[in-house]
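*Asks:* Okay, here's the prediction I keep looking at, along with the sequence it came from:
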Amino acid sequence: MSVARCPGSCGELIQGWILGSEKLVSCPIDWYSTVEVRRGTPRLDERPLTRRMVDTLLAHWDYPLAMSQTLRIEVDSTLPIAKGMASSTADLAATALATAMHLGHSLSESELAALCVSLEPTDSTLFRSLTLFDHLHARTQIACAPAPEFDLLVLESPRVLRTADYHRQPREAALRTHASTLAQAWENLQTACESNSASLLGEAATLSAVASQTLLPKPGFDTLLTLVESCGLYGLNVAHSGSVVGLMLDRRRHDVEYVKWSLAQRGLAERWPQQHLLKAVTGGVQPST
């Protein structure tokens, strides 16, 4: 039996046309998918993508495909699905590492990224560092310096949106329109990590979130921006291919209860009825017990 876990994400810190193609930097949070792989009969209700990852790895290492039916996959995750919180990437990456360990193999981050991308668009939560990632082809993987610490008040709406559906939409023209904004956001993000500045990181994320409004607008967005400014928060980030929004703050410095009250006063709590105070964490897939 082998167990691994991977964090989910509160959308992306930045996503858009960067260095010649669409790329992203995910925002890992302390909310995880934990996967156990062991000998046994497959569950009837297992998540199809996790089985596809097991089969992909068996083929990768030249095991007989029939071996797949001798492996049982157990997923323990409370990450909301189809909200832009990297639930599929967390499942896939944790399944890959757990399977590799069970079979006595290892996987580098680059190998893991390529395997995940072969199955679906992938978030950069599988990297230990904040990483600019080509989430469609895995050709670009640029790691940043360690990120500054910050918290997020994650705003979850009832709206669901499959990442695959988003990626079927024609986007290149709109993405290219905001290339200069995303270049600035990427520069700010790197500087924020090098200088340990949560405020500058918030500026980078907010720039990207504003640009994203032309592709996938978030309801009440201008009101959210006003709230961020009035409460002195670091900024906000969004799921560029989902519905979730994160208010970037420090729970020791900012009055979270006041922020929640302000959301209600401005009518935003109706749009975002579920709110989760979470910590931004280091990414990466880890063995678990």
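*Replies:* Arrived safely, thanks for sending.

*Asks:* any chance you could map the strands in the protein?
*Replies:* For the chain, strands defined by DSSP state E occupy the ranges 2-18, 21-39, 71-77, 131-133, 141-143, 151-156, 235-238, 245-249, 274-279, 286-287.

*Asks:* now the third one and strand 2-18, what's the angle there?
*Replies:* Angle between the axes of strand 71-77 and strand 2-18 is 60 degrees (criterion: axes from the mean of the first three to the mean of the last three CA atoms, to 10 degrees).

*Asks:* where does the stretch 51-200 of the chain dip in pLDDT?
*Replies:* Applying pLDDT under 70 to the stretch 51-200 of the chain picks out residues 163-168.

*Asks:* Helices along that one, start to end?
*Replies:* Assigned by DSSP state H, counting those that start in this stretch, the stretch 51-200 of the chain shows helices spanning 87-103, 109-117, 163-168, 172-177, 179-195, 198-212.

*Asks:* Ranking those by mean neighbour count, which comes first?
*Replies:* Highest mean neighbour count of those: helix 87-103, a mean of 26 (counted as mean count of other CB atoms under 10 Å). Every residue, glycine included, has its C-beta placed from N, CA and C.

*Asks:* what's that one packed up against?
*Replies:* Here helix 87-103 touches strand 2-18, strand 21-39, helix 48-60, strand 71-77, helix 109-117, strand 286-287, going by 3 or more CB pairs under 8 Å, 6 or more residues apart in numbering; DSSP states H and E.

*Asks:* among the ones you listed, which is nearest residue 162?
*Replies:* Closest of those to residue 162 is helix 48-60, at 12.1 Å (criterion: CB to CB).

*Asks:* helices and strands around the closest one, which ones?
*Replies:* For helix 48-60, the elements it packs on are strand 71-77, helix 87-103, helix 109-117, judged by 3+ CB pairs under 8 Å, 6+ apart.

*Asks:* quick one: contacts of the shortest one?
*Replies:* Right, the one you point to is strand 71-77. Residues from elsewhere that reach strand 71-77, judged by CB atoms under 8 Å, 6 or more residues apart in numbering: 8, 32-43, 46-47, 50-51, 54, 87, 90-91, 94-95, 99, 102.

*Asks:* Sweet, I'm off.
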